[in-house]
Structures are given as structure tokens and as C-alpha cells.
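> Provided below for reference: sequence and predicted model.
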Amino acid sequence: MAGTTRVGVDVGGTFTDVVLLLPDDELVTAKVPSTDDQSVGVVQGIEKACADAGIDPTDVDAFTHAMTVSVNALLEEDGAKTALVTTQGFRDVLEIGRQARPDLYDVDVDKPAPLVPRRRRFEVAERTTVDGVLTEPDEDEVREVAERIRDCDAESVAVSLLHAYQHPENERRVAAVLRDELDVPVSASHEVLAEFREYERTSTTVVDAYVTPAIDAYIGRLEERAGERGVPEPRIMQANGGIASAKTVREHAVTTTMSGPAAGVVGAAETAGGGDVDGLVTFDMGGTSSDVSLVRDGEVERTTDAEINGRPIKTPMVDVNTVGAGGGSIAWVDAGNALRVGPRSAGANPGPACYGRGGTEPTVTDANVVLGYIGGSSALGGELELDVEAAHDALSRLADEAGLDDALAAAQGVFRVANANMARAIRAVTVERGHDPRGFGLVAFGGAGPMHAAAVAESLDMDTLVVPHACGVLSAYGLLAADEKHDSVRTLRTPLAGASLEDVESAYDDLTDGVLSDVERPEEATVQRAADLRFVGQSFELTVPVDEGFDAETVAERFRDAHESAYGYVMDDPIELVNLRATAVLGRESPSVAYRTEGKAEKGRREAFFGDGFHETPVFDRIGLGASDSVSGPCILEQNESTVVVPPRWSGTVNGDGTLVLGRDEQ
Amino acid sequence: MSHEDSNSDTDIDAVTLEIMRNQFEGVAEEMGQVLITSSYSPNIKERRDCSTALFDAEGRLVAQAEHIPVHLGAMPEAVTTVLDYDPEPGDVFVLNDPFEGGTHLPDVTMVSPVTVDGEVLGYAVSRAHHADVGGMTPGSMPAGAREIYQEGIRLPPVRLVKGGEVNEDVMALLLANVRNPGERRADIRAQIAANERAEDRLRDLVSEHGRSRVVAAFDAVISYSRDRLLAELSELPNGTYSARDVLEGDGVTDDEIPIEVAVTVRDEGISVDFAGTAPQVAGNVNAPLAVAKSAVYFVIRCVTDPEIPPNGGCYDPISVSVPDGSLLNPRPPAAVVGGNVETSQRVTDVVFAALAHAVPNRVPAGGQGTMNNLTIGSRDGGDDGFTYYETIAGGFGGRPTKDGMDGVQVGMTNTLNTPVESLEAEYPLFVEEYALRENSGGRGRFRGGLGVVRSVTVETDATVSLLTERRRVAPRGIAGGADGTTGRNEIDGESVPAKMTRDVTAGTTITVLTPGGGGHGPAAERDPDAIETDRNGGKMEWD
């Protein structure tokens, strides 16, 4: 798409990040404070980036967007007043869930309150079984339920009837009557997630209904505001790692949760490229937490087992593993005299001691100051005067408490413990899932990621480190790179050997029609088929790709291979087909970024701690490094939003797009 | 990466302690992951009814990844027992004997000495609930067993692997005694693989830190947990606190079976004495000593900081004494399969009740106190036979600052339910209702959680077994709160006994109404808004 102007806008908790790609491939970035009505900050950000680039917002040809409207509604529990309609005898399924309590030993713990309280959960005397409809709904009864829903001022409705994933007739009729009678959006489970297991499907459908009014209103406001400035209609990042039109997202609001983190992982995968690695571990270390995820064969790993605040959402999502430790995490000594980091955070206010805003507790950032990784005038984006003494004092107090020699020993300790937490999270997504991280590259971003990445990589014996140029605004960058993507699933439970080719193909055809109808230019899209299978008697499934022209033997072989690789063995038992899946993908041309250097690279030197002591370490302005410039450790690269620490034995070069790729020398 | 700094190899500072504690826990967790992903039994794979642990060379627990509480105290028992058999490098012991380091027969434990540079550095242990270990009925949870021989194959600690080679004679003997030997072989292989993973990881740690430092860190993490537990215990008021409760029968008679406990709290530790508890019984609710220990550890973990890492250090200050030949320390050949699932719940209740006198602000009222074990199977085994087994949620006790949770697993279990849409696809069963049981929570300032109603119709002739409790003696309210509502079992609307096995014909409906939790504090002090919410949702009527 050379010759066009594209903008990506990612709304975070504190800042709204903007990445603008100009027709000459120049990349312009901007940050503005996020606003309560996120659309205000979004348009301000676009205006700022355009002003910096010297263009008018009307010059923007494409606008892609990630926001936190739906995930905030879920986390803060201020979504719509939703009603739920279920099969008679099952309105409490949403509340009982899978009957487990969230913690084995904490007697004060609570299950997350159901998003729909019991007084707004209604039943209809109907029943479907695995074989089809047993009792049809009485439409008069449904109309009475509609009346009661109206009486409780519900703002949206979820309908989830037993076995509707396979036999949606009753649910369709109930939803039709409710849509007829009511003026609020109605989410039907077979449309949201046609997959068996009533609790998970109901939960996903309720989440959809719960966030629909907010998403609908938000996108309406954003279109209006953007339209006033001549910016085109937004396309929205979904949790599945693909983008969708505003219209599609309004109809499938549940897909917008986790839109920002998904964009970050897509951005990381994109800038790191293929390279000479088995895969990538993405490592996004922010202020209060860090996100880790996996990219294999160029594909971002996705999960259909996600939960937000303990509530299952079974639509596909980029698989992100979050650790409660980041730059602002507070270090402390526990009752057993171990030095701990997090989960408490100093936040932005007062922030770490070194911010000089009254914070006195030692944080990871303060440790980085004492170690010399953060320092000088450009520290902290140049917006804050660094209070080195306060950082030192905070760590001295920690040293006293922990019985360590001095502030330096405490700082080293905090740095190592934080890294050990990160390494454990990375082991969880690699080793514990059967992947050897030693063959993977580590992509570091977020404010603190590139500072810790080399040390984390060393502890996992990883040899390749990638730091994208846009590492402070990578989610926004990912928005420019993401493909359009739509998923659909349908349960079809049948022995694989005896599966009717006709049933399978016709189900795939329906799924294909469904996902293509959401694509903006269906004629250019490709559709990927997949199936979930298991050995008879198991109750967990594995997903394998399926070719057009369903061949049971090929599918069986793929399943056995997948089982062998996931679990280490296969059995002779018969195989059962469980779910069919289709994903429509409309690929977008990757942005080719023309990286331009500015100014002089070397800024000076300072003492930084590596291995056994302080070393005089060169400090570079990252933007001053040109393409194919090489760096070798020890050195420190500073840029606006983050700092890259290159320890001894690490070296590498800057790519054409500004990405820094580092390798570890043989010892 | 080798570690360079060292004033002394054995000096473990606050930083090293935290890093190595994390690494040891990582080893146990990674073992668990290997076990869960490579096992076959649904009990292991989906319900995570398994545990993995790392012990030091003296047999002290260093780190444990346990997924259900009943394994808490049981793993150390297994290792202590194996140590008597002189384990050598290259051995892997297998055991399940409840009278020698086990709990009940389906829980199979494997213990491997971990050898680094030719010397035993510690022990890797994995325990998993196998789908079947033989005995009278498929699934090896026979309700009618009167002696252990009926419950399945019994394995005292034996070397399944010797000198690195699987002893095929032992394997053949084991597999000849179970249904689905292929699956058992897969599960056993998964347990061995988990133990091997520990060896790999420990070898890495030795090359990173050096052997003497790893051994010193074993000591340090054990002291660490002990220090944290003692810090918590010092906040409990010293004294001896007693409680008594009963089981409602052993399946043979309905006679009440008392369990008595005296818990003595001192700054330096807690001793728990079950003197006064009934002698062992004819039915299958006897519980081996490890079960009582697990229940005690569970409760102490609940009333102290639940984040203290479980290892030998936090067990050191706790002593448990149980009369020989009693319900909680039976002699062979007592049947024990119900001890794990029902008696363990009552031990939990009674220890909580005793500690409520010491720390009323940390103890909830009685929860449902049962697992509501429901088994439905085809009458004649055969190839088309089926066995459906499930435990059912109930009410959590009202708490000092909030209501008890509605419809959750309580106490020593936390297994998931079977989705209605799976159950109806896989078994000839039809679910009539799955709902919260209205008005079942004990009234109180903070009410007990509601029980549930689970109602299932069989579509073929079948045999139904129920192993349940709290059908006559209600979950207790505390601090002036009312008791919860007792549970009830019905067949076609007629009340049936708490523990029974019965043949039924197609079309019969079995309904289990599980107990509600007890209330906390006087009902008169309940917040009117909370009453209104209960009323609006139809959960509880208040008058």
C-alpha cells in the first residue's frame, strides 16, 4: 500500500499511542494522555501526529484502532445491565460455573460475581437434546419473559439454551421474539460461540451482551469525532490478533477484549520477522506488569481458554501470560527474610523514589538507577528530573532490612529477582508446553523490557534478542501490520471414522459463508479450516488444520501427530470429531518503514554495573544509530520511551527498519 | 551461567533465597506439567488430581506443586516409607498401600532418588489418581467394600525401575490386576517422565549454583517456610481448643461415628490430638493417617498465610497424633476408599471448629462438609457399559466479614463438574435441573452459601451409588449464626439413605440436594440491603 497514509492508535491506561506511516514510508510516533471518553484522546493523538508530520488529518487513508472499552467494562464491572434467558432449570449455570472455588486455601476469596444477577436471569420451558428439539418454546411465554426483561430496565440480553450449539432452532425462535419485543441488543449463544459446554458458552455470550452497548456507543462517538476531522472510519483490533470493520465489531463486541495486548504481540512478531530462530518469545515489561507470549511459524499463538477476571471467554484470543511485576513494582522483605518484588506497585503517582514525587519505597526502576542503567538527562523520557539520591536511599533501607551489604547489593538483588520472575513466566509458556526456549528469539518492548531482556535471555540460555525500533509504541505499530481476521466455530460431535462427508462439508460451507460475510473484501480473503478432535473418552481437544475436501484419514494422521507432540504418545483408540472451525484472513501488506537517523549517536559515558563491578559504559542515543551500524556490549542505548541495556558479550546491528538484533557471543 | 560470587558457598542471602526458592518451586511445577500433559486418566488430566514434589536427601519436602489438598500431608509419608527400603540411584519406587505411605488405592505414588554426579541429591515424587486400579468395580471406588482387598491392587513400596531398567515382572503383575492396562502403562510412564524432569532440572541447578549451594538452599527454603509459619503462629493465642463432630454412618450401620480433636497452640508449634475418635469401622470410611495429616495441614494453611510455600519447614512445627486402630489410623485390612472423600471433610470441619475458639476472625462456619459422591453405572459391565462418577458442589460456610460462597466445592476437594452438554452426549443420562438450592444457607449476619440441586434421569436400567454426608447433622453455624440446611437424596421424589447402592430402571430420576453452609453471626444483625438482594434473586426468604 505504498503511497497511502496509515495511522494506528492504541489506547492504554495512561497514554494513547499513535503511529503514523507516511507515503514515503517514514514513521511518525506520538503520545498523548488517554481520556475518559477514549475517542477524545484518539482524535487528539491523530491531530498531534499529523501536525508533527506536517500533514492534515484528512490526508489519512486508513485508521486502525485498539482500545480498552470492553476490557475496562469487564474489569470495573460497569458494563450494561444485562438480562439472561436460559432453559428451564438452568438459570444458575452462569453462577455455579464449573463449581470450583478460585483458591484452595484462601477462605476469604470469592468467585467473580455473575455479570447477570439472579433477579435478571429468566427461564423458558423448552428443551433440546443432543438429538434435536424435545420441547418447543411457547411464544406467549417468551413474550411474558420479554415483558419482565423490560420491567427490569435491561440494556442488553443474552440467550443461551441447552444444546443450541448444534440445534439452534429453539434459541433462534426465542431470540427472534425477544428482538421483536425489545429495543435492546440480544446476543444469542449459537451466534456468538456455537460450541458445546453450557457454562463457557453462556459466559462468552453474557460477556458479549454486557459489552455490546458500550462498544456500540463508543464506536459511534469515535466515528463521529474522527469524521469531523476527515479521518476515515476506524477498523478495530480484535483479541484474536486480526482487525475487523467497525460494523463487524459492533455485531461481535466480545471480540474486542484484549485488543491492545493482541496488537503488541502482532507488532512484535512483525518487526522481529522470521529470522534464524524456531520462534519468538515476546516480552512486554511495563510499569505494573509484564506480558509474555509465543510466536511459532510466524503465527501468534492463540487460545480458546481465556478468562478475564475469572470469567471464561472462549472466542479465540492471542495467548498472553501476565506476571505481576514491572518497572514500578515495589521490592520488600517478607516474614521469612526473602527479598520479593511485586505485586504491589508504586504506580505513576507517587511512582518510584527516583521520580522525586514523594515515593520512598524501592522499586525495580530505582534499582536500575542505582545500577546505572537509567541515568543522565534524557532519563524517563526527559520529562522528569531524576532523583538518584532518593533511589539510593530507598535501596539502602531495603539492604538494611534484608541483611545485604549496601544499596548496590540490594539493587543487584532486585534486578535479579525481577528477572527470575520473568524467566519463570517464559519457562511456563515454553518449556512447560514442550518448546525449548534456547532456539527462540526474545523480542523485548514496553518501557522496561529492553532494560532487562538480555539478563532474562541469559538465564534461559537464549542467544537472540530483538528490540524493535518502535518498542515504546509497539501496539500502535502492530495495528498497521495486522491482517484482517474472523473466526467461527461449530460443534459437530461424531466419530471421525464414520463422519458424514456431506455433513462436515456443509458445516464448513456455512462457517465459511459466515466468516466471509464479515470480511470487507471477501473475494480477496482466504479461509483456513481447522477441527478440534480427541480420542473417544477424553474430554479435552486438540486443534489441527483441515484441507478443503475433508479427508478423515489425513485429519486422523494430523491429530495423532499433534497428540504425540503435545502429550508424548498416541493411542489406538477411535478418534472423535468435536468442533469445526473456520478463519477468514485478509492479509495486509506489511509496512515497510524507512528508518532515518537523527543527530549524533554517542551521548557520553557513565558507570553501569555488569558482572562483578561498575564499568565505564558508552551511552548512545538510539535514534542516532544508523541502519547497519553495529553495537557491542557493554553499552546503553537511550530513546524516548525506553532504554536498551546491552551487557558485555552481547553485540549486533541495526536493521534497515531500525530494529536492533543482538546475539550473544560464545564464551 | 556459573555463579562467581561467593564469600561462602553455603551462605544463602535474601536474594539467593528468593531466586532458588522460585527455582525449586519451578521444578515441582514443571514436573506437574509433564505429568498432566502426558498422562491419560481424566482424573489427572482434567481434574488435576495429582501432585509433584521435590525432597532433599534426608527426605524433607523442599517444594510441592499440589493441585488438591488431600495430597498435602500424604507426600512426605510416602517418602519416609520409601527411605526404609534403602533406595539407590537408578531406582523408581511405586506404591499405593494406604498402610504404607499411601492414602487410597487409586492414588499411585512414584518415588525416584535424584542422582547428580553419582550421589543422591534428593527425591522426586509424583502422585496421581489413576482411573482404575482393579477391585470390585470399575473406577476402584467401590461403595460396598468391607476390606481393602476388595478395593484394588495393593502396592507396598516396590522397585518398578531398578538400575535404570523397568522391572517388567513387577509391571506385568501390576497391569494384570487393573482394567485398561494400556492406559495404566501410559500414566505410569507419565509419572516416571515427571520424575526424570526433576533430575534434568536439578542437574541444571547444580551446574548453575554448585552442589553445596543447592544443598544449602534446600535448608534455607525449609527454614524459610518454618519461619513464616512460626511468625503466623505467634499471633494465635496459646491454649488448647477442642471440638467434636460425627460421621453419619459407615454404609453398614447408621450409627454415628465420633471424631474428637484437641488442638494445642503454642508459639513454637501446634499439636493436634485425635484421642477420643471412634475405633475403625466395618465400612469404607476409615482414613489412613496421611489423610488426617493432610486435613490438619489444610486447615492450618487456611487460617495462616495461605501463600507460605508448603514444604517440610511448615510441617515441622505441627504434630498430629491419632490413636492406633482408630477411624483415622486404621489397621489393615480396613476398607478406606471413602476416607479420602468423606472422612477427610469431617476432619477438616472438626479442626476448623476447634480453631474457631482460638481465631474466630479467621474461621468460616461449617461448609457443606461432604463431596456428595454420585456414581451411576450400567448394571451389567460389558462393552457398552458406562460409569459416570461425580462430586457435587454445595454451600461454603458464612465468613467473619462476608457470606459463604453459593454452589462451590468445599474443603479437601475442588474438582470441576461435568458439563450437562457433555454428560448427555456421553452417557444415557438426562439432566432435569442444575440450580442453586433456594433457602438452604444457614441464616446469619453473614449467611451460609447455598447448596445445589442436581437432578438426573437415567435412560436405561442402571445401578446408582451414593456416598454422602450431612444428611442428618447439619453444617454448623458459628458466632450465633444458624446451621445450614442438611442435604437430601431422592429417587423419583422419595427420600433415600445417605449411603446406598440401588438398581433402578430406565426413567428413574435421581436428585441430589446438597447441604447449605452454616451462618456466621446473629441473623438479626444482617444488613437489610443484603436481605433485599437475597429476596430479589429468590435465593433466600427472610422473615
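All right, it came through fine.

> residues in contact with residue 126?
Just going to use chain A. Neighbour list for residue A:126: A:87, A:88, A:135, A:136, A:137, A:138, A:161, A:170, A:174 [criterion: Cβ atoms under 8 Å, 6 or more residues apart in numbering or on different chains]. Every residue, glycine included, has its C-beta placed from N, CA and C.

> think we crossed wires, I meant chain B
Residue B:126 makes contact with B:31, B:35, B:50, B:51, B:52, B:53, B:109, B:110, B:191, B:194, B:195, according to Cβ under 8 Å, 6+ apart.

> element containing it, please.
Per DSSP states H and E: residue B:126 is located in strand B:119-129.

> before we move on, the earlier item: which of the contacts of residue A:126 are buried?
With burial judged by 16 or more other Cβ atoms under 10 Å in any protein chain shown, the buried subset of those is A:87, A:88, A:137, A:161, A:170, A:174.

> of the residues you listed, closest to chain B?
residue A:88 (8.3 Å; Cβ to the nearest Cβ).

> just the ones in strands from the contacts of residue B:126, please.
B:50, B:51, B:52, B:53, B:109, B:110 (DSSP state E).

> of those residues - the most surrounded one?
residue B:52 (32 neighbours; other Cβ atoms under 10 Å in any protein chain shown).

> nearest spatial neighbour of it, skipping sequence neighbours?
residue B:31 (3.7 Å; Cβ to Cβ, 6 or more residues apart in numbering or on different chains).

> correct me, but the one you found touches residue B:194?
Yes: with contacts counted by Cβ atoms under 8 Å, residue B:31 reaches residue B:194, the gap being 4.3 Å.

> overlap in contacts, these two.
Joint contacts of residue B:31 and residue B:194 (Cβ under 8 Å, 6+ apart) are B:52, B:124, B:126.

> any idea how far residue B:375 is from the first one?
According to Cβ to Cβ, to the nearest Å, residue B:52 stands 28 Å off from residue B:375.

> where's residue A:506 relative to residue A:550, distance?
Following Cβ to Cβ, the distance that separates residue A:506 from residue A:550 is 11 Å.

> who has more neighbours out of these two?
The residue with more neighbours, out of residue A:506 and residue A:550, is residue A:550; 21 against 11, by other Cβ under 10 Å.

> list the contacts of the residue nearest to the more buried one when sequence neighbours are not counted.
In space, and not counting its chain neighbours, residue A:550 is closest to residue A:504: 4.8 Å by Cβ to Cβ, 6+ apart. Contacts for residue A:504 (Cβ under 8 Å, 6+ apart) come out as A:492, A:550, A:577, A:580.

> ok, what's across the strand from residue B:464?
Listed by DSSP bridges, the beta-bridge partners for residue B:464 are residue B:376, residue B:502.

> tally up the residues packed near it, please.
Residue B:464, neighbours per other Cβ under 10 Å, totals 21.

> mind listing the strands for the stretch 501-650 of chain A?
A:526-535, A:542-546, A:575-586, A:602-610, A:613-621, A:630-632, A:635-638, A:643-646, A:650-654 (DSSP state E, counting those that start in this stretch).

> and the third one, what's buried?
Okay, so that is strand A:575-586. In strand A:575-586, counting by 16+ other Cβ under 10 Å, buried: A:575, A:576, A:577, A:578, A:579, A:580, A:581, A:582, A:583, A:584, A:585, A:586.

> which residues of the stretch 401-543 of chain B lie near chain A?
B:401-402, B:405-410, B:414-417, B:419-422, B:424-425, B:430-436, B:452, B:455, B:533, B:536-539 (Cβ under 8 Å from any Cβ of the partner chain).

> list the contacts of residue A:173.
Residue A:173 neighbours (Cβ under 8 Å, 6+ apart): A:136, A:137, A:139, A:142.

> SS state for it?
helix (DSSP: H, G, I helix; E, B strand; the rest coil).

> what do you get for residue B:264?
Classified using three-state DSSP, residue B:264 is strand.

> quickly note the distance from it to residue B:295.
Taking Cβ to Cβ, one finds residue B:264 at 17 Å from residue B:295.

> where along the stretch 151-300 of chain A do the helices fall?
Secondary structure of the stretch 151-300 of chain A (DSSP state H, counting those that start in this stretch): helices located at A:169-181, A:189-192, A:198-228, A:246-251, A:259-272.

> again, but for the stretch 151-300 of chain B
So, for the stretch 151-300 of chain B - with DSSP H, counting those that start in this stretch - the helices run B:168-175, B:181-209, B:211-233, B:289-303.

> so which of those helices is nearest chain A?
Of those, nearest to chain A by Cβ to the nearest Cβ is helix B:211-233, at 3.9 Å.

> please see if that closest one touches chain A.
Yes: using Cβ under 8 Å from any Cβ, helix B:211-233 reaches chain A at B:223, B:224, B:225, B:227, B:228, B:231, B:232.

> show me which of the residues you listed are buried.
Here, 16+ other Cβ under 10 Å leaves B:223, B:224, B:225, B:227, B:228, B:232 buried among the residues of helix B:211-233 next to chain A.
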